[in-house]
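Q: My questions are about this predicted structure, shown below with the sequence.
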Amino acid sequence: VEALAAAMPHNPTKPAEHGFANGVAPQAGATAEPASRLPTGSTLSEANSNDKAGTQAPEGVNATIAPLDRVRVDSSGQMLTTNQGVAVGDNQNSLKYGVRGPALLEDFILREKITHFDHERIPERIVHARGSGAHGFFECYDALTDITRAAPFQEKGKVTPVFVRFSTVQGERGSKDTARDVRGFAVKFYTDEGNWDLVGNNIPVFFIQDAMKFPDLVHAVKPEAHHQMPQAASAHDTFWDLVSLMPESTHMLMWVMSDRAIPRSFATMQGFGVHTFRMVNAQGESVFVKFHWTPIAGTHSLVWDEAVKISGADPDYHRRDLWERIEAGAYPEYELGLQVFTEEQAEQFSFDILDATKIIPEELVPLRPVGRMVLNRNPDNFFAETEQVAFCAAHVVPGIDFSNDPLLAGRIHSYVDTQISRLGGPNFHEIPINAPIAPVHNNQRDGLHRQAIHRGRVNYEPNSLAGGCPFQAGAAQGFVSVPARILADEEQGKVRAKPEKFADHYTQARLFFESQSPVEQDHIANAFRFELSKVTVPAIRERMVASLRNASEKLARKVGTGLGIDPLPGPLPPALPNPVQPEVLKSPALSLLARPGDGSLKGRKVAILVAPGVEGSSIAAAQGALVRQGAVARLVGTRIGRMPTADGDVLDADCSLENEPGFLFDALVLPDGAEGVAALAQDGHTLEFIKDQFRHCKTILTIGASSALMMRAGLPVSMAKSHSLGTTGLVFADSSGVDSALQHFMAAMSRHRHFGREMDPPLL
Ligand code: HDE
């Protein structure tokens, strides 16, 4: 404490607060030096060069650590106290008049404890309630000063700390992670010129074109108003009623019915800013941009049957995956890419760039990679960080600006508004996770829970009594809006209407569907079938199929057949019968398969089944090889604990067939050893385990005696054996050939799934 007091002369208990480095207060009336709280030189050491950008943050380190240290609490070795710092002598018994007598009102210790407890919950977010967060950093590949003066892009290798929150949209705070849903992908950049929030999703388009419809959309997709069901699911009447009446949602429906809506991991999904934004350079020149995050691990998703099962066995599946990847050093990493285009280009496009239901195909405007983001640190406290973080689409910094997208306009209003009630007043920007690294000085004062103690009598501007401080930054440093022209709209005056191209609801829905691989198309059709089969009103199902006919006859027919709708209803009359010819009819970049990633096994989970009497040496070889590749290889036993192997060793199973079922793993190793295999065959969980792995098209290595397990599970072993090793994702080995089989197994694993095995309905 003494050392701290010496370093922080002004207020030893609240150092470095509210923008003054080292806690030193300004002299009354003087101009405060704007102090950056970033570590000296926000560009990290060139000594850590890598082939991408020349710089890399040291593992496990990022620049938000130091600023948040001032509020971190570590109670180890400390005495228990009240919130007033009074030591508590007895934390077990309330104060009573005699051991059997009444509790006394004067027990301020009990009352403080219970009162605090009574208020420990805050309202959950109205959407995106379920979320998981991580700290990290963004590193710029090259200076982007030609197009923007935004702080993170000013220097090659510049590092900006970030906090990211991933979320589902529909479900409540405690709902399952693997619901079919859009995922939020919200990034807070703590730039040295203020906070910039890129509050995006894992899907680049949205259901609606205008903020006016957002409350209706959310009401319709949330659990139904009368009985609050279903939780975290869009498969119900009110959602499909609304969207079938709102064809502008068709493109988005294609994405949410695709496997994008059931990602394997937050580390394997893309992120998008969705709206068109602007970037502005120091000369005030602006270009339009779309923001894309691309996962280095590739885009990978679950299959529906797997997602449903996971939601029962591990509702925290994505949260756990994110946490464990970071703890294990398999840091999720994403590349930021920009689609940059001019207003003149935008005017020529067949679609309107202000319409959030449209993408710009990458074949039309290619992605320009500009930096990478690494998530390398788990939060210390879920509530303080992940729950209290407040993102806002309006938080931009000089160099970033908005377009006139009417959906974005509504968002610019909504976030702070909702946070005022969720976080209990207008001062939530002072909560540590929300506080910018850049200093904050203004005359906004007071309000609930104000933390800053502003000095002096001046709380207005202009003033002479405080030397005019805080003073306006002016155009050179301050935020200046782009003086955008509004094209040809001057004569229209105020209208409640949309541009004509907004009415083309189907061209890009078709583009998306046509750009998918056959497997992905099947999954989209199956998802429509599943969701609509849960709709109880036949007219809603039929209207949806009628609408789909405008996007794809093939899809509509498949969905109709799956729902027993025969003959198909006539197509819904489109709002724009003759839309402009699109530039691109097929965009391979829209397929999940287009981004297989680096093929790394880092963070992938492999089950090695064990029972007393399995052969130990091949298991050790498999575990060692997988761990060396960064995979998580777990011994899944008929029970947990130690068990002898056939070759005189001892294995320690850290999970069991019962507590970690097969669908929680990315791949499977089945052991050799007659006695152990016989024990596994006795347990019905083993066969379920294998069937799920097979059904979900995962890679399976079968060693020696375990072939019997495959037969017993009813798998077409002879078919698989006749294929060359690995092409079906089923690899067989006898104990002598384990090493080469392992190489095939790991190569097959890097392809994630083997959809050639998929059957609808499944034969097993
Ligand atoms: Fe949001 N959205 N949104 N949204 N949104 C919220 O803000 C809203 C939209 C997104 O992890 C809310 O603090 C409106 C698009 C994410 O904390 C709320 C409209 C996109 C998150 C809100 C949209 C998003 C939110 C709820 C239509 C992708 C979670 C709690 C005009 C670009 C952030 C909160 C987090 C959260 C409003 C549409 C992304 C109510 C009015 C499009 C990732 O303010």
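A: Looks like it arrived, so ask away.

Q: Am I right that Glu520 is in a helix?
A: Yes - Glu520 sits within a helix when classified using DSSP: H, G, I helix; E, B strand; the rest coil.

Q: What confidence value was assigned to it?
A: Residue-level confidence at Glu520 comes out at 98, pLDDT.

Q: what does Val1 give?
A: pLDDT, read off for Val1, is 37.

Q: Next, Leu532: secondary structure please.
A: Looking at Leu532 with three-state DSSP, the answer is helix.

Q: closest point of the chain to the ligand, which residue?
A: Residue nearest to the ligand within the chain (Cβ to the nearest ligand atom): Gly184, separated by 2.7 Å. No exception for glycine: its C-beta is placed from N, CA and C like everyone else's.

Q: Pass me the low-pLDDT residue ranges in the stretch 1-150 of the chain, would you?
A: Across the stretch 1-150 of the chain, the ranges flagged by pLDDT under 70 are 1-67.

Q: Up against the ligand, what does it have?
A: Arg125, Ile126, Val127, His128, Gly131 (Cβ under 6 Å from any ligand atom).

Q: Show me which pair in the residues you listed is furthest apart.
A: The span of these, defined through Cβ to Cβ, is set by Ile126 and Gly131 at 12.9 Å.

Q: Compare these two (neighbour count), which wins?
A: Neighbour count, other Cβ atoms under 10 Å: between Ile126 and Gly131, Gly131 has more, with 23 against 13.

Q: and the closest residue to that one other than its chain neighbours, how many neighbours?
A: Nearest non-adjacent residue to Gly131, counting by Cβ to Cβ, 6 or more residues apart in numbering: Ser167, 3.5 Å away. The number of residues packed near Ser167 is 27, by other Cβ under 10 Å.

Q: Just the mean pLDDT for the strand or helix carrying Ser167, thanks.
A: In the assignment (DSSP states H and E), Ser167 maps to strand 159-168. Strand 159-168 carries an average pLDDT of 96.

Q: strands paired with it, and their directions?
A: strand 131-140 (antiparallel), strand 183-191 (antiparallel) (DSSP bridges).

Q: Now tabulate the ones you listed in JSON lines and tack on distance to Ser350.
A: Shown next, in JSON lines, are these (distance: least, Cβ to Cβ, whole Å):
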{"stretch": "strand 131-140", "distance to Ser350": "33"}
{"stretch": "strand 183-191", "distance to Ser350": "27"}
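
Q: between the ones you listed, which gets nearest to Ile109?
A: Using Cβ to Cβ, the strands paired with strand 159-168 put strand 131-140 closest to Ile109, at 33.4 Å.

Q: wait, isn't Trp304 in contact with Ala525?
A: No - Trp304 lies out of contact with Ala525 (Cβ atoms under 8 Å); the separation is 11.7 Å.

Q: which one of the two has more residues nearby?
A: Legend: neighbour count by other Cβ under 10 Å for Trp304 and Ala525, higher for Ala525 (24 against 18).

Q: Where does pLDDT dip in the protein?
A: For the chain, counting by pLDDT under 70, the residues that fall below are 1-67, 487-490, 717-727.

Q: what about the residue of it most remote from its centre, distance to Leu104?
A: Most distant residue from the mean C-alpha position of the chain: Gly98, 55.4 Å away (Cα atoms, centre = their mean). Look at Gly98 and Leu104: by Cβ to Cβ, to the nearest Å, they are 11 Å apart.

Q: Other residues contacting the helix or strand in which Ala607 is found?
A: Ala607 is part of strand 605-610, with elements assigned from DSSP H and E. For strand 605-610, the surrounding residues in contact (Cβ atoms under 8 Å, 6 or more residues apart in numbering) are 619, 622-623, 626, 631-638, 643, 651, 653, 657, 660, 662, 664-671, 676, 680, 686, 689, 706, 749.

Q: Return the distance of the very next helix or strand once past it from the chain's centre.
A: Heading C-terminal from strand 605-610, the first helix or strand you meet, by DSSP H and E, is helix 616-628. Mean-position distance between helix 616-628 and its chain equals 32 Å (Cα atoms, centre = their mean, to the nearest Å).

Q: what's the answer for stretch 687-697, then?
A: For stretch 687-697, the distance to the chain centre is 27 Å (Cα atoms, centre = their mean).

Q: that older thread, and the strand holding Ser167 with the ligand, contact?
A: Yes - counting by Cβ under 6 Å from any ligand atom, the ligand has neighbours in strand 159-168: Arg165, Ser167.

Q: Ok, stretch 253-272 next?
A: No - applying Cβ under 6 Å from any ligand atom, one finds stretch 253-272 separated from the ligand by no less than 7.1 Å.

Q: got the CA positions of that stretch in PDB?
A: The C-alpha atoms that make up stretch 253-272 are tabulated as PDB, following Å, rounded to 0.1, in the frame of the first residue of the first chain:
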ATOM      1  CA  LEU A 253     -33.600 -17.000 -43.500                       C
ATOM      2  CA  MET A 254     -31.300 -18.900 -46.000                       C
ATOM      3  CA  TRP A 255     -28.300 -18.000 -43.700                       C
ATOM      4  CA  VAL A 256     -30.100 -18.900 -40.400                       C
ATOM      5  CA  MET A 257     -31.300 -22.200 -41.800                       C
ATOM      6  CA  SER A 258     -27.800 -23.000 -43.000                       C
ATOM      7  CA  ASP A 259     -25.100 -24.500 -40.800                       C
ATOM      8  CA  ARG A 260     -23.800 -21.000 -40.100                       C
ATOM      9  CA  ALA A 261     -26.500 -20.800 -37.300                       C
ATOM     10  CA  ILE A 262     -25.000 -23.800 -35.400                       C
ATOM     11  CA  PRO A 263     -21.300 -23.000 -35.400                       C
ATOM     12  CA  ARG A 264     -18.800 -25.600 -34.000                       C
ATOM     13  CA  SER A 265     -17.100 -22.900 -32.000                       C
ATOM     14  CA  PHE A 266     -16.800 -19.200 -31.700                       C
ATOM     15  CA  ALA A 267     -13.300 -19.700 -33.000                       C
ATOM     16  CA  THR A 268     -14.600 -21.200 -36.200                       C
ATOM     17  CA  MET A 269     -17.200 -18.600 -37.300                       C
ATOM     18  CA  GLN A 270     -16.900 -15.500 -39.400                       C
ATOM     19  CA  GLY A 271     -18.000 -12.100 -38.100                       C
ATOM     20  CA  PHE A 272     -19.500  -9.200 -40.100                       C
END
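
Q: Any idea how far apart the tips of stretch 550-567 sit?
A: With Cα to Cα, to the nearest Å applied, stretch 550-567 spans 16 Å between its terminal residues.

Q: Kindly report the same for stretch 750-764.
A: For stretch 750-764, the end-to-end distance is 25 Å (Cα to Cα).

Q: Same check on stretch 601-621?
A: Termini of stretch 601-621 sit 16 Å apart (Cα to Cα).

Q: And for stretch 80-95?
A: End to end - Cα to Cα - stretch 80-95 spans 17 Å.

Q: Could you do stretch 168-183 as well?
A: Stretch 168-183 has an end-to-end distance of 5 Å (Cα to Cα).

Q: chain center to stretch 375-390, what's the gap?
A: Worked out by Cα atoms, centre = their mean, stretch 375-390 lies 14 Å from the chain centre.

Q: From one end of that stretch to the other, what's the distance?
A: With Cα to Cα applied, stretch 375-390 spans 18 Å between its terminal residues.

Q: Show me what counts as buried in it.
A: Leu375, Asn376, Arg377, Asn378, Pro379, Ala384, Glu385, Thr386, Glu387, Gln388, Val389, Ala390 (16 or more other Cβ atoms under 10 Å).

Q: Keep the residues you listed, but drop any that are not near the ligand.
A: Within the buried residues of stretch 375-390, those near the ligand by Cβ under 6 Å from any ligand atom are Ala390.

Q: Next, format the buried residues of stretch 375-390 as JSON lines and append secondary structure.
A: Shown next, in JSON lines, are these (three-state DSSP):
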{"residue": "Leu375", "secondary structure": "strand"}
{"residue": "Asn376", "secondary structure": "strand"}
{"residue": "Arg377", "secondary structure": "strand"}
{"residue": "Asn378", "secondary structure": "coil"}
{"residue": "Pro379", "secondary structure": "coil"}
{"residue": "Ala384", "secondary structure": "helix"}
{"residue": "Glu385", "secondary structure": "helix"}
{"residue": "Thr386", "secondary structure": "helix"}
{"residue": "Glu387", "secondary structure": "helix"}
{"residue": "Gln388", "secondary structure": "coil"}
{"residue": "Val389", "secondary structure": "coil"}
{"residue": "Ala390", "secondary structure": "coil"}
